[in-house]
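Asks: when you get a sec, could you give me coordinates for this:
(chains A and B)
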Amino acid sequence: MPKNEKQFVTEITPRETDFAKWYTDVITKSDMVDYAPIRGCMVMKPYAMSIWELIQKQMDQMFKDTGHQNVAMPMLIPESLLLKEAEHVEGFAPEVAWVTHGGNDLLPERLAIRPTSETLFCTMYAKWVQSWRDLPLLYNQWCSVMRWEKTTRPFLRTAEFWWQEGHTVHATAEEAQEETLKMLGVYRDFHEEVLAMPVLCGLKTDSEKFAGARATYGVESMMQDGKSLQAATSHNFGTNFSEPFEIKFLDKDGTQKFAHETSWGSSTRMIGGLIMTHGDDRGLCIPPRVAPVQAVILPVAQHKEGVLEAARAIADRLKAAGVRVHVDDRDTQSAGWKFNEWEMRGVPVRLEIGPRDIEARCVTFCRRDTLEKGQLSFDGLEQSLADLLVTIQDAMFAKAKAYRDARVRDAVTMEELTEGVQTGFVRAMWCGCPECEGKIKETASATARVMPFEQAKLADTCVVCGKPADKMVVWAKAY
RNA sequence: CUGGGUGUAGCGCAGCUUGGUAGCGUGCUUGAAUGGGGUUCAAGAGGCCGGAGGUUCAAAUCCUCUCACCCAGACCA
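Replies: Numbering: from 1, shown residues only, chains lettered A, B, ... in the order given. Coordinates of the predicted model:
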């Protein structure tokens, strides 16, 4: 290994040594975020924001394709509104930030900074829904929300975070259930195809359910330390909110009915997920579809005549073909320094172009995911690079999936379960009672992540109490 | 919230035990050479030692209180 290998390790804590430290090292050194002067808040710097914009753009298109429209709700919620759904308040009250003054005057009713917007959507829906002809309402909003969390970590859990929240209203329970599952599917596809993150989909247990929901479904992803990240959730509210908020409509049969609702959300937490899924000891590794820079062009010996011009000509060609490229023409840094920096920032492909390449009419490429090097001819470069980006996207998903699959174990005893969650996910049978679920949390410090749609009968009895069990649950330590 | 740790130059740290006008590495600025995996040399700029109070002739250093951040756990849509 070249001598820089050793120096590199001193800059980013290896994952093996301390995964949490590795994570904070990577996000700060790659210039993604900085800590804000407000407790628990982060600043997304341009590099992280570019990733978020690419996520938004592609996910938003998927929402549009499934018939949804965007709206913008206020960020403040009167306390009385928040109190309308009992379970909901109970779930969120401890972590709400309050606005108590307008200017210098004490407000007659304090206002919550939205921790989520169910109560606002429901209030408006009550006005907007009169007839079965008004349904369904399929709305979404991109915004930030605030939850006064006790412990925070950039992307994974911050006081303020950016997300999207979809809120829909339907005439029937069947339609609401269909919507809930449809959007879960959108999240699954988005994670697997865009973020290259394999996910497990399924139903949440009651204790892991959203405050106020009838049923919560989630997509769970394994990080490289074996812990699970809840990447997105989709809820079926039934009439839990429409009843207190009086979202009623006159149906075809001439009777008043309460509407059925859903909500679904995903956040900047996904960025934390992709970091912990794909990163390595050299830093970030960003899937091409969300990489702000898909190919960085490094002119080598750029002081020599014709090098910079050739690099820029290549960049122009690739830009015209729709590739996100950047020419690093800084003359203040050596080539070697730039190699390492762009690797740390996770750019999928590095293209080197120097006198030798120009003479051979090709560029030297290096893949970030495998560090494999090779040559690409000037002729047809647009297509060969596009192909390479697809190859990398697919390879990253395959690698992450293989990693996860190798760390999913089946358990029929508590010993096996406790041991398994030290390094990954454990599939085990559960009787369905909260006591057994609590016991697993106590002894293995693992929680029920999801009850997968693809069930398997691993045993006839509960892993905890030994009573008959028919639910297969995936257990893991979670973020 | 509980336990542990850390706050000194942009970043990473030493100095504190045994008080005596603040140091190293890196980065930054300027110049020269170098240039295909974190180059080299030279000359510079940069700090109310997290904050408040106290002890003292004198506090980065000792005492009290506070704030922030990090780690482990608890809690948590």
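Asks: for the rest of this, base every contact and every neighbour count on C-alpha atoms.
Replies: OK.
Asks: distance of residue A:94 relative to residue A:271?
Replies: Note on residue A:94: its distance to residue A:271, by C-alpha to C-alpha, to the nearest Å, is 26 Å.
Asks: which of these two has more neighbours?
Replies: residue A:271 (22 against 11; other C-alpha atoms under 10 Å).
Asks: report pLDDT for the residue in the stretch 151-300 of chain A that RNA strand B sits nearest to.
Replies: In the stretch 151-300 of chain A, the residue that lies nearest RNA strand B is residue A:210 (3.6 Å; C-alpha to the nearest atom of the strand). Residue A:210 carries a pLDDT value of 92.
Asks: pretty sure it sits in a helix.
Replies: No. Counting by DSSP: H, G, I helix; E, B strand; the rest coil, residue A:210 falls outside a helix, being coil.
Asks: so for it, what's the nearest residue that isn't a sequence neighbour?
Replies: Closest residue to residue A:210 apart from its sequence neighbours, by C-alpha to C-alpha, 6 or more residues apart in numbering: residue A:216 at 6.2 Å.
Asks: what helix or strand is that neighbour located in?
Replies: Per DSSP states H and E, residue A:216 falls inside strand A:215-222.
Asks: and the spatially most central residue of chain A, what is it in contact with?
Replies: Nearest to the mean C-alpha position of chain A, by C-alpha atoms, centre = their mean, lies residue A:270 at 1.8 Å. Shown in contact with residue A:270 (C-alpha atoms under 8 Å, 6 or more residues apart in numbering): A:155, A:231.
Asks: can you rerun that using 10 Å?
Replies: Residues in contact with residue A:270 (C-alpha atoms under 10 Å, 6 or more residues apart in numbering) are A:52, A:55, A:155-156, A:163, A:191, A:195, A:197, A:221, A:229-232, A:276.
Asks: next secondary structure after the helix or strand hosting it?
Replies: Taking DSSP H and E as the definition, residue A:270 sits inside helix A:269-278. Per DSSP H and E, the first helix or strand lying C-terminal to helix A:269-278 is strand A:295-299.
Asks: nearest residue to residue A:267 in space, please, no chain neighbours.
Replies: Nearest residue to residue A:267 in three dimensions, chain neighbours excluded: residue A:163, at 3.9 Å (C-alpha to C-alpha, 6+ apart).
Asks: could you report the separation of the one you found from residue A:115?
Replies: From residue A:163 to residue A:115 the distance is 11 Å (C-alpha to C-alpha).
Asks: thinking again about what came up before, now do the residue nearest to the centre of chain A, the pLDDT please.
Replies: Listed pLDDT for residue A:270 reads 95.
Asks: need the residues of the stretch 151-300 of chain A near RNA strand B, please.
Replies: Neighbours of RNA strand B within the stretch 151-300 of chain A, by C-alpha under 7 Å from any atom of the strand: A:151-153, A:208-211, A:230-233, A:264-266, A:300.
Asks: max pairwise distance over those residues: which two?
Replies: Using C-alpha to C-alpha, the two most remote members of these are A:211 and A:300, lying 56.6 Å apart.
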